[in-house]
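Undergrad: Got a sequence here, can you build the structure:
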Amino acid sequence: MYYQLGRVTGRLVASTHLQTPLFPIAPVALQRLEPPSIQYNTTHFSTVTQDACATGKRRLIPGTNMPFPPLDENIRKKQELFQKDNDLPVFLKGGPFDAILYRLTMALCVLGVAGVVHAVYSHAVPKKQS
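TA: Purely as a prediction, here's the structure:
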């Protein structure tokens with residue numbers, strides 16, 4: 001038996017004029033297809049040629065034949081400065097200006113915590129009536 005929505009009530013009611021399902025599905029035999037073979041690291045998928053990889057020191061941007069642009073000398077000096085193994089944390093490796101900024105930041109954090117403690121204390125303890 002098939003059902004449909006009633007026009008008046010909007011509920012499911014038995015249908016008298018539907019003798020076949022709305023969307024008949026006939027079983028179809030499965031088609032056996034071979035799955036496509038997966039190809040890894042082939043020249044078909046890569047735009048980089050083998051002779052472009054043999055450029056020596058110049059590294060290529062991944063997926064292209066273009067080399068990385070040369071670094072500015074200032075950037076190279078900063079990289080050397082920050083990569084030195086001198087037992088300093090990275091936020092102090094920039095020199096004296098970084099030390100000043102670090103100490104100023106820590107002082108402001110301590111003042112902020114003290115302000116929060118003062119605000120909580122002043123709201124928690126009532127003022128004495130004189």
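Undergrad: Give me the neighbour count for Ser15.
TA: Other residues lying near Ser15 total 13 when counted by other C-beta atoms under 10 Å. For the C-beta atoms, the positions are set from N, CA and C on the backbone; glycine is no exception.
Undergrad: whoops, Phe91 was the one
TA: 11.
Undergrad: got a list of what it touches?
TA: Shown in contact with Phe91 (C-beta atoms under 8 Å, 6 or more residues apart in numbering): Asp98, Tyr102.
Undergrad: The protein - how does it break down into domains?
TA: Split into domains by automatic domain parsing, the chain comes to 39-70, 71-123.
Undergrad: Now the terminal residues of the last one, how far apart.
TA: It refers to domain 71-123. 57 Å (C-alpha to C-alpha, to the nearest Å).
Undergrad: looking at the domains of the chain, which one has the lowest mean pLDDT?
TA: Among the domains of the chain, domain 39-70 carries the lowest mean pLDDT, a mean of 64.
Undergrad: Which among the domains of the chain is found nearest to Arg7?
TA: Nearest to Arg7 among the domains of the chain is domain 39-70 (58.9 Å), distances taken as C-beta to C-beta.
Undergrad: residue boundaries of the strands in this structure?
TA: 3-5, 12-14 (DSSP state E).
Undergrad: where's Asn74 relative to Pro35, distance?
TA: Taking C-beta to C-beta, to the nearest Å as the measure, Asn74 falls 54 Å from Pro35.
Undergrad: What of Val90?
TA: 50 Å.
Undergrad: Turn the domains of the chain into CSV, including distance to Ala14.
TA: Shown next, in CSV, are the domains of the chain (distance: least, C-beta to C-beta, whole Å):
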stretch, distance to Ala14
domain 39-70, 57
domain 71-123, 70
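Undergrad: Looking at the strands of the chain, which is nearest to Phe82?
TA: Using C-beta to C-beta, the nearest of these to Phe82 is strand 3-5, at 71.0 Å.
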